[in-house]
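Chemist: Sequence plus predicted model, see below.
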Amino acid sequence: MNKTIAGVLLVVMLSGCSGLSTRQKNAATGAAIGGVAGAVLTGGSSFGTVGGAAIGGVIGHGVDSAGKRK
C-alpha cells in the first residue's frame with residue numbers, strides 16, 4: 001500500500017513540472033531519487049534523506065550541462 005501511495009505522489013509531483021526547464025526538471029528528479037536513495041542507505045535517517053536529495057539535485061542539475069558539451 002505504501003508503495004502505491006508513493007508512486008501516486010511521485011506522478012502528481014512530476015506532472016506539476018510541465019512549466020519547468022529541462023535543467024530544473026533534471027534537478028527535481030535528481031533530488032527525488034537522491035532523497036529516496038539517501039533514506040534507504042541510511043535506514044530512514046533525516047540527515048541521509050536530506051543529504052541524498054541535495055546531492056541528487058546537484059547531479060541532476062549538472063546532467064543537462066554535461067549533455068550539451070558533447
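Modeler: Alright, I've got the coordinates.

Chemist: what's around residue 63, how many residues?
Modeler: The tally of other residues near residue 63 (other CB atoms under 10 Å) stands at 15. In this view, the C-beta of every residue, glycine as well, is placed from N, C-alpha and C.

Chemist: how far away is it from residue 42?
Modeler: 24 Å (CB to CB, to the nearest Å).

Chemist: what's the answer for residue 30, then?
Modeler: 18 Å.

Chemist: between these two, which one's more packed in?
Modeler: residue 30 (22 against 14).

Chemist: Just the CA atoms of stretch 19-30, as PDB, please.
Modeler: What follows is stretch 19-30 as a C-alpha-only set of coordinates in PDB (Å, rounded to 0.1, in the frame of the first residue of the first chain):
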ATOM      1  CA  GLY A  19       6.400  24.600 -16.900                       C
ATOM      2  CA  LEU A  20      10.000  24.000 -15.800                       C
ATOM      3  CA  SER A  21      13.100  24.000 -18.000                       C
ATOM      4  CA  THR A  22      14.900  20.700 -18.700                       C
ATOM      5  CA  ARG A  23      17.600  21.600 -16.200                       C
ATOM      6  CA  GLN A  24      15.000  22.300 -13.500                       C
ATOM      7  CA  LYS A  25      13.200  19.000 -14.200                       C
ATOM      8  CA  ASN A  26      16.500  17.100 -14.000                       C
ATOM      9  CA  ALA A  27      17.300  18.800 -10.700                       C
ATOM     10  CA  ALA A  28      13.900  17.900  -9.300                       C
ATOM     11  CA  THR A  29      14.100  14.400 -10.400                       C
ATOM     12  CA  GLY A  30      17.700  14.000  -9.100                       C
END
